[in-house]
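> Test case, fold it:
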Amino acid sequence: MINGRPKTIVFVEDDEVVRTAYRNRLQNEGFSVEAAKDGLEAMKILLMSLPDLVVLDLMLPKFNGEEVLKFIRADRRLKDLPVIVLSTNSVIDVEHESLLEGASRRLIKDNCSASTLVAAIHETLDSAPNAEPTNRWAWHTVAA
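Residues are numbered from 1 along each chain as shown. Below you'll find the predicted structure:
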């Protein structure tokens, strides 16, 4: 929680069963969760709000996870936003290595339980450079 407000996670996953299960678990852990079923919906959510973290599948309809990650890293408001890629082993491979350097962490769905994801979220949020939202909006003056 930040100033009495739960941390907000955007969870992007096209499989409704997986999306619902993880959303429920994360809400039970005290997070506020905005769920998106595709890359376009994720981008719309990100344009309207500034979450604390994104959990992103790579295989998505409309815009895939790679495109969403590029969108996040290209936006000055979102560029430092922590992103956990949660996808299948066949997608997280050498082919995607250079792009996935923009991810804060990568988890393979087949080996990831809800508890593992929750722990990874806490670790990622605790190590984020701008963990407090007020820091994200602060003006920084550089002495000449």
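> Between the two ends of stretch 45-53, how far is it?
End-to-end distance for stretch 45-53, by CA to CA, to the nearest Å: 12 Å.
> Give me the contacts around that stretch.
2, 7-10, 34, 36, 54, 71-72, 75, 77-78, 81-84, 121, 124-125, 128, 133, 136 (CB atoms under 8 Å, 6 or more residues apart in numbering). Backbone N, C-alpha and C define where each C-beta goes, glycine included.
> Point to the helix or strand of the chain where mean pLDDT is at its lowest.
Of the helices and strands making up the chain, the lowest-confidence element is helix 133-137, at a mean of 35, by mean pLDDT, DSSP states H and E.
> which intervals of the protein have sub-threshold pLDDT?
1-4, 89-101, 128-144 (pLDDT under 70).
> Helices of that one, start to end?
Secondary structure of the chain (DSSP state H): helices at 16-28, 39-48, 65-74, 97-100, 114-127, 133-137.
> got the contact list for the most centrally placed residue in the chain?
The centroid of the chain falls nearest to Val54 when counting by CA atoms, centre = their mean (1.2 Å). Contact analysis of Val54 by CB under 8 Å, 6+ apart lists 9-12, 42, 46, 68, 72, 81-84.
> Mind putting the residues you listed into TSV with distance to Asn28?
Shown next, in TSV, are those (distance: CB to CB, whole Å):
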residue	distance to Asn28
Ile9	13
Val10	17
Phe11	13
Val12	19
Ala42	22
Leu46	24
Val68	26
Ile72	26
Leu81	23
Pro82	21
Val83	22
Ile84	18
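> Any quick PyMOL command for the buried ones out of these?
Buried residues among these (16 or more other CB atoms under 10 Å), as a PyMOL selection:
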select buried, resi 9+10+11+12+42+46+68+72+81+82+83+84
